[in-house]
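1. The sequence and its predicted three-dimensional model are supplied below.
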Amino acid sequence: MNNQNRFRQLFALLCVAAPLAFTACGGGENNGGTTTGDAGAPVQGDWVIIHSTADPEDMRELVATDASQQEIISYIYDRLMIPNWETLEPMPWLADSLPVVSADHLTYDFRLKKNAKFSDGQPVTGNDFIFTLKAIKNPEIKNAGPLAGYYERVKSAELINGDPYHIRFTMREPYFLAADYLGGLFAMPKHILDPKNLTDKMTFDELNAGKSSNPVVQEFADWYQSSDKAFNKAILVGSGPYMFDSYKQYNNITLVRNPNYWNKESKYGKGYPDKIIWKTIQEHVAAINDLRSGEIDVIPTMPKVLYKQQKPQFAGRNISPAEYDYPSYNYIGYNQKKALFQDKAVRQALARAINRDEIVNNVYFGFARAIQSPIFYKRPECDSTIPLIKYNLEEAKKMLADAGWNDSDGDGVLDKVINGQKTDFKFTIMLTTASKPTVDQIAQIFISELKKIGIEASTQSLDWAIFLKNTRAGDYDAYIGAWAMDITEGDNYQLFHSKSIGAGSNYVFWRNPTADSLIEAIRTEFDQAKRFEITKQFQRVFNEDQPYNLLVSSKATGGYSNRYQNVTWYAQRPCFLANTWWVPLTAQKYKAQQPVAMN
């Protein structure tokens, strides 16, 4: 078997069953999604204004940790490879071809396209990828930790025979997702981000060690992560179809078409809209009013109660409804640094106080399902034999009593002596305003049930940026969070390995040696059947220990202006490509640039 076929097989393993499971991703409601003969040929022009509930925290690729950031950035930065949006097969992008993979899975050789350029006209070369990998691995760039975890096993990158268009990545040890993550590496412009060539003065060995006395490591990190760089147009330069234009706090982020995009003839590289704008509107009712009036064009997701109310009126407002799978789940996370939540029996009891049926029916109106695993339920390695934890207050009471929680003073609140002090079972659930009203509704259902078993809980709603800061710092009791998932096989290291506390996204401070060893075993197992079995073992440990109380996985519901043609909803997030949407000349609202017909 040649190396390219081996890579195709690996990618197929990563995407197994997904094309079948997700063929109806945009199904049911996708009106206006097919270009009609009356619309004519696709043309450039007009804008796409997309609703967002919160400003992105940052626009720098290294520290983009939330789904909305990653969505916006994906239009600015290109990657070595991307999955084909329809088939999910690997597709070379900045790479000229699939990588050549060694038989021992330790080296991955990529050839680069020589016509690829950054938006300032400079060529994309292997030196940009070497620089990017060094920046990812810089231990002093604190918020790059979640991303760095995925490249932890990459030992080095180097040009092959000095050829700037031929690069080799060497692994420290085999990693079953190496081809996937190396292929997903983005190109940051070294000539802009490292004009002093500081990264040339640091080695991969010292970066991999996790701590370096080399002063240039700290110098580069201090420069890169200074707050004035977060939305700095001068450094936010990529090789993608759109360019960063402006950021207005609590208002919008604007991207403009890259007029010289090197790959604009590709189906997925088209740049029909002159601008793509994300407009921040915290309140969903206000956003829906703006959609109805034409002030915004797309609400990718709206609360189910509002969708149910508004959908019958869409047609009369020239709005098309959208219902599609958005692989994700939400959960209640407990801070295991806090004494209240260190006992897994308590977390098990709390899980039984969650009325998931009420959440599915009264918050999501049936557009969701209760889940028992952090693996997307349509993935073949999801262990469907693990039973859902049923709502059962009597069982919850008994488990709490067995764990030593009783109402010793008759005040209606459970208490227990912890570290020599009487401790009442009271806590605050942190929420983000970006997820209103859904998280508020979930929280109130939960709080009502907790009260019945002697637990007093309240909520605290915070702006998205502060919410993220507090979860990272562990400055909370509990929170309702959510993770967007990939539709391909993933790696739980970032979320659940104990080494991801502080350095990754293990925000609940979960430490479980068995889970750690299973996560590590998964990472080096190339036999799919064996790896899936280990993954199922991990899910059973997760279910027993309850680091999260899992809630539901829901479909996305939204709406968009029906003046757009070529609207398609895909399996992989963000589930649509705004750069490929176009508007016939007669229907265009914004005509800042002269439209150009495109093939």
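-> Structure's in. What do you need? Numbers count the residues shown, from 1 in each chain.

2. Quick check: Tyr165 touching Asp128?
-> No - counting by C-beta atoms under 8 Å, Tyr165 does not reach Asp128; the two are 11.1 Å apart. All C-beta spots, glycine's among them, are computed from the backbone N, C-alpha and C.

3. Pick out whichever of these two has more residues nearby.
-> Asp128 (27 against 17; other C-beta atoms under 10 Å).

4. gap between that one and Met188?
-> As defined by C-beta to C-beta, to the nearest Å, Asp128 lies at a distance of 6 Å from Met188.

5. Phe542: helix or strand, and which one exactly?
-> helix 528-545 (DSSP states H and E).

6. Now tell me what touches that helix from outside.
-> Here helix 528-545 makes contact (C-beta atoms under 8 Å, 6 or more residues apart in numbering) with 13, 16, 176, 344, 347, 372-375, 380-383, 386, 389, 492, 496, 510, 512, 514-515, 518-519, 521-522, 525, 548.

7. Which members of those are positioned in helices?
-> Applying DSSP state H to these, the entries found in helices are Leu13, Lys344, Arg347, Phe496, Thr514, Ala515, Leu518, Ile519, Ala521, Ile522.

8. Turn these into JSON lines, columns for pLDDT and distance to Glu394.
-> Below are these laid out as JSON lines (pLDDT from 0 to 100; distance: C-beta to C-beta, whole Å):
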{"residue": "Leu13", "pLDDT": "28", "distance to Glu394": "44"}
{"residue": "Lys344", "pLDDT": "98", "distance to Glu394": "20"}
{"residue": "Arg347", "pLDDT": "98", "distance to Glu394": "18"}
{"residue": "Phe496", "pLDDT": "97", "distance to Glu394": "30"}
{"residue": "Thr514", "pLDDT": "98", "distance to Glu394": "30"}
{"residue": "Ala515", "pLDDT": "98", "distance to Glu394": "30"}
{"residue": "Leu518", "pLDDT": "98", "distance to Glu394": "33"}
{"residue": "Ile519", "pLDDT": "97", "distance to Glu394": "35"}
{"residue": "Ala521", "pLDDT": "97", "distance to Glu394": "38"}
{"residue": "Ile522", "pLDDT": "96", "distance to Glu394": "37"}
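
9. Which one (most neighbours) among those?
-> Busiest of the ones in helices among the contacts of helix 528-545 [other C-beta under 10 Å] is Phe496, holding 27 neighbours.

10. thought that one was touching Phe509?
-> No - between Phe496 and Phe509 there is no contact under C-beta under 8 Å: 11.0 Å.

11. residues contacting Lys397?
-> Ala349, Ile453, Gly454.

12. Go through these and say which is closest to Pro83.
-> Ala349 (41.3 Å; C-beta to C-beta).

13. quick check, distance from the helix or strand hosting that closest one to the centre of its chain.
-> Per DSSP H and E: Ala349 is located in helix 344-351. Centroid separation for helix 344-351 versus its chain: 27 Å, with C-alpha atoms, centre = their mean, to the nearest Å.

14. Same list (the contacts of Lys397) but as a markdown table, adding neighbour count, distance to Thr423 and pLDDT.
-> Formatted as a markdown table, the contacts of Lys397 follow (neighbours: other C-beta atoms under 10 Å; distance: C-beta to C-beta, whole Å; pLDDT from 0 to 100):
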| residue | neighbour count | distance to Thr423 | pLDDT |
| --- | --- | --- | --- |
| Ala349 | 25 | 16 | 98 |
| Ile453 | 21 | 16 | 98 |
| Gly454 | 20 | 13 | 98 |
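
15. And the one helix or strand Val216 maps to, what does it pack against?
-> In this assignment (DSSP H and E), Val216 forms part of helix 215-224. On a contact count with 3 or more C-beta pairs under 8 Å, 6 or more residues apart in numbering; DSSP states H and E, helix 215-224 meets no helix or strand.

16. List the buried residues of the following helix or strand past it.
-> Moving toward the C-terminus from helix 215-224, the first helix or strand encountered (DSSP H and E) is strand 242-248. Residues Tyr242, Met243, Phe244, Tyr247 are the ones in strand 242-248 that count as buried (16 or more other C-beta atoms under 10 Å).

17. Give me the number of neighbouring residues for Gln249.
-> The burial count for Gln249: 9, using other C-beta under 10 Å.

18. which ones are touching it?
-> Per C-beta under 8 Å, 6+ apart, neighbours of Gln249: Asp55.

19. which of the ones in helices among the contacts of helix 528-545 lies closest to Gly45?
-> Once C-beta to C-beta is applied, the member of the ones in helices among the contacts of helix 528-545 that ends up nearest Gly45 is Leu13, at 42.1 Å.

20. Strands of the stretch 51-200 of the chain, residue ranges please.
-> For the stretch 51-200 of the chain, applying DSSP state E, counting those that start in this stretch gives strands covering 81-83, 90-92, 100-101, 107-111, 154-160, 163-171.

21. what does the stretch 351-500 of the chain give?
-> Counting by DSSP E, counting those that start in this stretch, the strands of the stretch 351-500 of the chain are 368-370, 415-418, 421-424, 426-432, 456-462, 478-484.

22. Contacts for the second one next, please.
-> Judged by C-beta under 8 Å, 6+ apart, the contacts made with strand 415-418 from elsewhere in the structure are Ala339, Ala403, Gly404, Trp405, Asn406, Asp407, Ser408, Asp409, Lys422, Thr423, Asp424, Phe425.

23. Now do the last one against Ser408, distance only.
-> Read it as Phe425. Counting by C-beta to C-beta - Phe425 and Ser408 are separated by 12 Å.

24. Would you mark the buried spots in the helix holding Val216?
-> Those would be Val216, Val217, Phe220, Ala221, Tyr224, for helix 215-224 by 16+ other C-beta under 10 Å.

25. The last one reaches Ile141, doesn't it?
-> Yes - counting by C-beta under 8 Å, Ile141 is a contact partner of Tyr224 at 6.1 Å.

26. ok, and for stretch 410-428, which residues are buried?
-> So, applying 16+ other C-beta under 10 Å, buried residues of stretch 410-428: Val413, Leu414, Asp415, Lys416, Asp424, Phe425, Phe427.

27. Could you dump these into TSV and include distance to Gly149?
-> As requested, the buried residues of stretch 410-428 are exported to TSV (distance: C-beta to C-beta, whole Å):
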residue	distance to Gly149
Val413	40
Leu414	38
Asp415	39
Lys416	36
Asp424	37
Phe425	34
Phe427	29
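
28. Dump the strands of the stretch 51-200 of the chain to a markdown table, plus mean pLDDT.
-> Supplementary listing: these in a markdown table, determined by pLDDT from 0 to 100:
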| stretch | mean pLDDT |
| --- | --- |
| strand 81-83 | 92 |
| strand 90-92 | 92 |
| strand 100-101 | 96 |
| strand 107-111 | 98 |
| strand 154-160 | 98 |
| strand 163-171 | 98 |
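
29. between these, which gets nearest to Thr199?
-> Here strand 154-160 is closest among the strands of the stretch 51-200 of the chain (C-beta to C-beta), at 11.2 Å.

30. Which elements pack onto the helix holding Ala349?
-> On a contact count with 3+ C-beta pairs under 8 Å, 6+ apart, helix 344-351 meets strand 328-334, helix 393-402, helix 528-545, strand 548-550.
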